[in-house]
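Engineer: Turn this into a model:
(chains A and B)
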Protein chains: 2
Amino acid sequence: MVKLYLIRHAESEWNPIGRYQGLLDPDLSERGKEQARRLGEYFKDIDIHAIYSSPLKRTMNTALEIARHKGLEVVPEKRVIEIDHGVWSGLLVDEVKKLYAEQFRQWLEEPHNVRFEKGESLEEVYNRVREFLEYVKEKHWGQAVAVVSHTVPMRAMYCALLKVDLSKFWSFGCDNASYSLVHMERDRNVIMRLNITCYLGDLYVEAHKAL
Amino acid sequence: MVKLYLIRHAESEWNPIGRYQGLLDPDLSERGKEQARRLGEYFKDIDIHAIYSSPLKRTMNTALEIARHKGLEVVPEKRVIEIDHGVWSGLLVDEVKKLYAEQFRQWLEEPHNVRFEKGESLEEVYNRVREFLEYVKEKHWGQAVAVVSHTVPMRAMYCALLKVDLSKFWSFGCDNASYSLVHMERDRNVIMRLNITCYLGDLYVEAHKAL
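Structural biologist: The predicted model follows:
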């Protein structure tokens, strides 16, 4: 099997104010940097053979905190980059609610039908993460792999791993600096743990619901 | 919404040796009693309005460790009792593999088709836990509820909560004295956390795969 650790980046500068990021590239907040350090400390005792990360700053700087204890390189992996939110990118949730009310409703209620104007569809994300998961399963059979990514590709990965469609997209918690553990077996994938954050202590912040 | 804490009982006397329990009623092991105490301590700081438990000893004695800090009664709830394993009850995994080889294969590969001789089908469990979940959603709207149960009804509950069929039954980790948190919202259920055991420390034992 493959032991797959799916990790969401620590808090970015824009997470606490509820600003859509997409492919925009704010760095970790001060709290996020500390969250990433705690995550890295926690992973010291966990066997990992490879670390992949979305190439954005918030994910790379989270992944580096895990890598520095392990003598591993972080491999940038575009297939797990955040969804391109298109015209939403850089807007606050409240601005999106006003400017794109109908698509905001659709995003919450039927995400599987969403395609962002000048951006990506959720289905495109689903296809690229599914391809990446197949790649990992083949390349790293018998190993443990960490993947640092974002809420949208992570939730799409849960759907792909369980082989359920994207209408289940919002059914999984995904907090900053959390990890989930998936056992990729020959015939099925098992979500062993989901959205673990116990090492964060007082640095834990519940994720914004619509981001 | 309802905040639903799904808790698996602590280690029973038969868990470490891999003996199928079903409706048979071994008590917690010495380690299980200590696991239950740690679970109870952890839940001290978590708001809970009601505690339901399968009426067997291993679940009730786990639930009581949560209840004692809260001035709550534990409500026995038959709809979340373990599956009736029928003729497997009391047998070791290795004995089942020999005596019921074909059904053991079926249990792992196509659990949705299993009906235990002189016992229950997985579908019967699915139906009773789904009924219970609907009851909880109606009765405890706006509250937080703890439910102490067993691996089979818990995995059936994950399928019911995600509205996926029982072919996904084995897709969720479920260790002794673990908890999961589900947000039951109007239109969907969100698995916020799955199979948390971080309070167990050195008392953590990974669950047997086939039990």
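Engineer: Which residue ranges of chain A form strands?
Structural biologist: Here chain A has its strands, by DSSP state E, at A:2-8, A:50-53, A:74-76, A:144-149, A:179-184, A:189-196.
Engineer: quick one: low-confidence ranges for chain A?
Structural biologist: Regions of chain A meeting the criterion pLDDT under 70 are absent.
Engineer: Mind naming the longest helix for it?
Structural biologist: Assignment by DSSP state H gives helix A:122-139 as the longest helix of chain A.
Engineer: Establish whether that helix and chain B are in contact.
Structural biologist: No. Using CB under 8 Å from any CB of the partner chain, helix A:122-139 stays clear of chain B, with a minimum separation of 14.5 Å. C-betas here are computed from N, CA, C, even on glycine.
Engineer: Residues touching that helix, excluding its own?
Structural biologist: Applying CB atoms under 8 Å, 6 or more residues apart in numbering or on different chains, the set of residues contacting helix A:122-139 from outside is A:2, A:4, A:52, A:77-80, A:83, A:111-112, A:114-115, A:145, A:147, A:152-153, A:156-157, A:159-161, A:166, A:169, A:184.
Engineer: on that earlier part again, let me know which of the strands of chain A is tucked in deepest.
Structural biologist: The highest average neighbour count among the strands of chain A, using mean count of other CB atoms under 10 Å in any protein chain shown, belongs to strand A:144-149 at a mean of 25.
Engineer: Need the residues that contact it.
Structural biologist: So strand A:144-149 is contacted by A:2-9, A:43, A:46-54, A:59-60, A:62-63, A:66, A:74, A:77, A:80-82, A:136, A:157, A:179 (CB under 8 Å, 6+ apart).
Engineer: Swap in 7 Å and give it another go.
Structural biologist: A:2-9, A:47-54, A:59, A:62-63, A:66, A:80, A:136 (CB atoms under 7 Å, 6 or more residues apart in numbering or on different chains).
Engineer: Stretch A:185-198 now?
Structural biologist: Contacts for stretch A:185-198 (CB under 7 Å, 6+ apart): A:1, A:161-162, A:172-175, A:177-183, A:204, B:170-173, B:191-196, B:198.
Engineer: Next up, the contacts around the closest residue to A:Asn15 other than its chain neighbours.
Structural biologist: Among residues not flanking A:Asn15 along the chain, A:Asn176 sits closest, at 6.2 Å (CB to CB, 6 or more residues apart in numbering or on different chains). Shown in contact with A:Asn176 (CB under 7 Å, 6+ apart): A:Arg8, A:His9, A:Ala10, A:Glu11, A:Asn15, A:Gly32, A:Gln35, A:Val205, A:Ala207.
Engineer: most surrounded residue in those?
Structural biologist: A:His9 (31 neighbours; other CB atoms under 10 Å in any protein chain shown).
Engineer: could you pull out the helices for chain A?
Structural biologist: Going by DSSP H, chain A shows helices at A:30-43, A:57-67, A:93-99, A:101-109, A:122-139, A:151-162.
Engineer: residues from chain A in reach of chain B?
Structural biologist: Within chain A, the positions near chain B by CB under 7 Å from any CB of the partner chain are A:162, A:164, A:168, A:170-173, A:188-196, A:198.
Engineer: out of the contacts of A:Asn176, who's nearest B:Lys70?
Structural biologist: Distance to B:Lys70, by CB to CB, is smallest for A:Val205 among those, at 26.3 Å.
Engineer: Against A:Gly90, how distant is that closest one?
Structural biologist: 21 Å (CB to CB, to the nearest Å).
Engineer: now A:Leu203
Structural biologist: Plainly put, A:Leu203 is 26 Å away from A:Gly90 if you go by CB to CB.
Engineer: I'd like to know which of the contacts of A:Asn176 is nearest to chain B.
Structural biologist: The nearest member of those to chain B, counting by CB to the nearest CB, is A:Ala207 at 9.7 Å.
Engineer: which ones are touching the closest one?
Structural biologist: Going by CB under 7 Å, 6+ apart, A:Ala207 touches A:Cys174, A:Asp175, A:Asn176.
Engineer: from memory A:Val114 sits against A:Gln106, does it?
Structural biologist: Yes. With contacts counted by CB atoms under 7 Å, A:Val114 reaches A:Gln106, the gap being 5.6 Å.
Engineer: Tell me which of these two has more neighbours.
Structural biologist: Set A:Val114 next to A:Gln106 and count neighbours by other CB under 10 Å: A:Val114 wins out with 20 against 15.
Engineer: count of residues packed around the residue nearest to A:Asn61 when sequence neighbours are not counted?
Structural biologist: Spatially, and ignoring its direct neighbours in sequence, A:Asn61 is nearest to A:Leu28 (5.3 Å; CB to CB, 6+ apart). For A:Leu28, the count of nearby residues is 25 (other CB under 10 Å).
Engineer: beta partners for A:Leu28?
Structural biologist: A:Ser12 (DSSP bridges).
Engineer: Let me know the distance separating it from B:Leu203.
Structural biologist: From A:Leu28 to B:Leu203 the distance is 34 Å (CB to CB).
Engineer: ok, now which ones touch A:Ala67?
Structural biologist: A:Ile51, A:Glu73, A:Val74.
Engineer: roughly how far apart are it and chain B?
Structural biologist: For A:Ala67, the distance to chain B (CB to the nearest CB, to the nearest Å) stands at 23 Å.
Engineer: Excluding covalently adjacent residues, which one is nearest to the residue at minimal distance from the centre of chain A?
Structural biologist: With distances taken as CA atoms, centre = their mean, A:His150 lies nearest the centre of chain A, 2.5 Å away. Nearest non-adjacent residue to A:His150, counting by CB to CB, 6+ apart: A:Glu82, 3.9 Å away.
Engineer: The one you found: neighbour count?
Structural biologist: Neighbours around A:Glu82, by other CB under 10 Å: 25.
Engineer: And for the one 10 residues further on?
Structural biologist: Counted by other CB under 10 Å, the residues lying close to A:Leu92 total 14.
Engineer: show me what contacts it?
Structural biologist: A:Leu92 neighbours (CB under 7 Å, 6+ apart): A:Ile17, A:Gly18, A:Arg19.
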